[in-house]
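Novice: Whatever this is, show me its structure:
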Amino acid sequence: MPTDARAVERPPASTAAAELTLRPATEADTEEIIRLVRTSLGEFWNVALKLPFDIHYWSWKHLDNTFGTSPCLVAEAGGKIVGVRVFMRWQWQLGGRHVQAVRALDTATHPEWRGKGIFSRLTLALVEEMRREGVSFVFNTPNNLSRPGYLKMGWSSMGRVSLWIRPLRPIRMLRTLLSKSPPAPAAGAAPGGSRIGDLFREPRLESFLQSLGEGDGKLRTPRTREYLQWRYGDIPGGIYDAAWDLDGSEGAVVIFRRKNRGALSERRFCEILVGPGSGSVKRARTLLRELMANTGVDYASAMAGSAREQRLLLRSGFLPAPRLGPILTVRPLNPLPGGVDPLDRSRWRFSLGDLELF
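Specialist: Okay, here's the model as predicted:
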């Protein structure tokens with residue numbers, strides 16, 4: 001999967017540095033960039049579902065993003081692109097203000113050019129470009145191989161963002177975890193049976209999303225129809241599904257997908273949107289209960305961004321699993337409104353869909 005998964009590279013040799021040119025990517029570079037990513041990281045962005053890293057995926061992710069076109073730099077040598085670095089634009093809501101950010105995602109270096117510092121040079125150059133543009137911060141969830149490199153380049157670790165887990169087949173989970181030869185996860189439903197397209201045609205969705213308001217003064221992704229449509233409805237492969245019960249401020253919406261983790265299968269609740277009305281929590285609990293019944297998966301996962309969401313998950317049978325969540329790293333660039341510190345975990349309100357890799 002084309003994410004921030006490259007290991008730390010050694011400082012560039014002077015001869016290699018002299019041969020390289022860093023420049024902004026153009027539309028004419030797209031096919032060559034895609035070939036480089038596939039050569040470096042593999043053919044598929046979702047291996048389990050055999051979804052290819054192709055022009056459709058690239059366009060959805062980096063051109064059609066509701067927050068804007070992704071800034072992208074390439075390293076060129078001898079007229080060929082040997083490295084690429086992309087930051088995906090993201091927007092966070094802070095009360096009534098919008099905070100511009102970018103997420104450090106896709107990066108690739110040609111196998112013959114690894115170890116020459118291309119990853120670091122491209123990343124730092126794009127960081128400075130974003131600083132000049134006025135972007136507030138860069139964030140990502142790098143793996144254990146690439147995280148040390150980001151920390152050396154000025155990122156700060158904010159620790160793990162806790163997952164909440166509910167076992168659905170605990171006996172099978174235990175046997176699988178203890179087995180030396182665990183069985184393969186059961187096959188999931190093929191893409192194509194999703195109702196998520198119906199959600200975006202639901203006339204009551206707009207009023208429900210407006211009832212969510214400006215949040216509680218924490219950094220949160222603004223849940224607009226346009227964002228949800230792009231993020232979950234338009235993604236190639238149709239991997240997300242949805243369930244809802246809408247009645248103005250009393251409504252609830254759940255967006256979810258299936259994911260395999262080794263030999264275990266997961267029902268991942270990426271968004272659990274709960275209206276401010278007194279009856280909305282009950283509606284959300286009912287949706288979750290129905291979505292966890294007879295699913296054919298081993299466990300369910302979610303994130304809780306507020307005390308209200310934590311109570312909802314607890315009453316739905318979830319427990320926090322802080323050692324399983326992704327490790328968030330942030331590189332501040334420019335001041336946030338009101339002097340809010342993006343390195344203060346208490347000022348964030350995440351959903352699982354904000355931080356999962358895609």
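
Novice: contacts and neighbour counts: CA atoms only from here.
Specialist: Will do.

Novice: how about the strands of the stretch 51-200 of the chain, start to end?
Specialist: Under the criterion DSSP state E, counting those that start in this stretch, strands of the stretch 51-200 of the chain are mapped to 51-52, 72-77, 80-94, 97-109, 137-140, 156-160, 163-167.

Novice: Ok, the stretch 201-350 of the chain next?
Specialist: With strands called from DSSP E, counting those that start in this stretch, the stretch 201-350 of the chain shows them at 241-245, 252-261, 264-274, 299-302, 319-321, 327-332.

Novice: And the strands of the stretch 51-200 of the chain: which comes nearest residue 236?
Specialist: Ranking these by their distance to residue 236 (criterion: CA to CA) puts strand 51-52 first, at 7.8 Å.

Novice: coming back round to it: looking at the strands of the stretch 201-350 of the chain, which is closest to residue 145?
Specialist: The closest of those to residue 145 is strand 327-332. By CA to CA, the value is 12.4 Å.

Novice: Which strands and helices lie in contact with that closest one?
Specialist: Applying 3 or more CA pairs under 8 Å, 6 or more residues apart in numbering; DSSP states H and E, one finds that strand 327-332 contacts strand 137-140, strand 156-160.

Novice: follow-up on the earlier one: so which of the strands of the stretch 201-350 of the chain gets nearest residue 172?
Specialist: In terms of CA to CA, the element of the strands of the stretch 201-350 of the chain nearest to residue 172 is strand 264-274, at 9.0 Å.

Novice: So what are the sheet partners of the closest one and their directions?
Specialist: The pairing partners recorded for strand 264-274 under DSSP bridges are strand 252-261 (antiparallel), strand 299-302 (parallel).

Novice: Strand 241-245 and that strand, what's the angle between them?
Specialist: Between the axes of strand 264-274 and strand 241-245, defined by axes from the mean of the first three to the mean of the last three CA atoms, to 10 degrees, the angle is 40 degrees.

Novice: Output strand 264-274 as CSV, nothing but the C-alphas.
Specialist: Below are the C-alpha coordinates for strand 264-274, written out as CSV (Å, rounded to 0.1, in the frame of the first residue of the first chain):
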residue,chain,number,x,y,z
LEU,A,264,-8.5,-12.1,12.1
SER,A,265,-11.3,-10.2,10.4
GLU,A,266,-12.5,-6.8,11.6
ARG,A,267,-15.6,-4.7,11.2
ARG,A,268,-14.2,-1.2,11.3
PHE,A,269,-16.5,1.7,12.2
CYS,A,270,-14.8,4.6,10.5
GLU,A,271,-17.5,7.2,11.4
ILE,A,272,-20.1,7.1,14.2
LEU,A,273,-22.0,10.4,13.8
VAL,A,274,-24.4,11.1,16.6
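
Novice: hmm, who's touching that strand?
Specialist: The contact list for strand 264-274 (CA atoms under 8 Å, 6 or more residues apart in numbering) reads 173, 176, 184-186, 212, 250-260, 280-281, 284, 292, 297-303, 351-354.

Novice: Please check those and keep the buried ones.
Specialist: Among these, those that count as buried by neighbour count (16 or more other CA atoms under 10 Å) are 173, 176, 185, 212, 250-260, 280-281, 284, 292, 297-303, 351-353.

Novice: Out of the strands of the stretch 201-350 of the chain, which is closest to residue 195?
Specialist: Within the strands of the stretch 201-350 of the chain, the stretch nearest residue 195 is strand 241-245; the backing value is 5.8 Å (CA to CA).

Novice: Report the strands that pair with that closest one, each with its relative direction.
Specialist: Within its sheet, and counting by DSSP bridges, strand 241-245 is paired with strand 252-261 (antiparallel).

Novice: Now render the strands of the stretch 51-200 of the chain as JSON lines, adding mean pLDDT.
Specialist: What follows is the strands of the stretch 51-200 of the chain, written out as JSON lines (pLDDT from 0 to 100):
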{"stretch": "strand 51-52", "mean pLDDT": "88"}
{"stretch": "strand 72-77", "mean pLDDT": "97"}
{"stretch": "strand 80-94", "mean pLDDT": "97"}
{"stretch": "strand 97-109", "mean pLDDT": "95"}
{"stretch": "strand 137-140", "mean pLDDT": "98"}
{"stretch": "strand 156-160", "mean pLDDT": "96"}
{"stretch": "strand 163-167", "mean pLDDT": "96"}
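
Novice: Sounds good, over and out.
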